[in-house]
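Chemist: Coordinates only, no sequence provided:
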């Protein structure tokens, strides 16, 4: 089951044990979220290197640095046919676990976060 929590509604502490936390805020939210991760679970944050780690789990800092010039260059290569991404399968967010379990397909697996976007 996938659940998104409204931090403004104070739901964070009621989530129970979770497999994965994707943190984009950091600070107190990251600290509170880390305590919810079940043993063996993972916290992934893009806000800053994690200063807290889940019990018997791992914390990962995923660095995201937007680079407009590189993105423009990649788009131009795709349009010109010099860069041809190979898409193996496109699956909805609800099928993420199944998309990476079992048989692999050639090409990239794309997870569609919002339908039709």
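Modeler: Arrived safely, thanks for sending. These figures come from a predicted structure and were not determined experimentally.
Chemist: domain assignment for the chain?
Modeler: Annotated domains of the chain cover 7-61, 68-112 [automatic domain parsing].
Chemist: can the ones you listed go into a markdown table with extra columns for mean pLDDT?
Modeler: What follows is the domains of the chain, written out as a markdown table (pLDDT from 0 to 100):
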| stretch | mean pLDDT |
| --- | --- |
| domain 7-61 | 85 |
| domain 68-112 | 87 |
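Chemist: Need the winner for burial among those.
Modeler: Compared across the domains of the chain, domain 7-61 shows the largest average neighbour count, a mean of 14 (mean count of other CB atoms under 10 Å). Placement of C-beta: from N, CA and C, glycine included.
Chemist: now do the same end-to-end measure for it.
Modeler: 21 Å (CA to CA, to the nearest Å).
Chemist: which residues in this structure form strands?
Modeler: Here the chain has its strands, by DSSP state E, at 18-23, 37-45, 58-61, 87-92, 108-112.
Chemist: list the contacts for residue 112?
Modeler: Residues near residue 112 by CB atoms under 8 Å, 6 or more residues apart in numbering: 90-93.
Chemist: Can you name the residues bridging to it?
Modeler: As for beta bridges, residue 112 partners with residue 92 under DSSP bridges.
Chemist: check contacts around the residue nearest the centre of the chain.
Modeler: In the chain, the residue lying closest to the centroid (CA atoms, centre = their mean) is residue 22, at 5.7 Å. By CB under 8 Å, 6+ apart, the residues touching residue 22 are 44-45.
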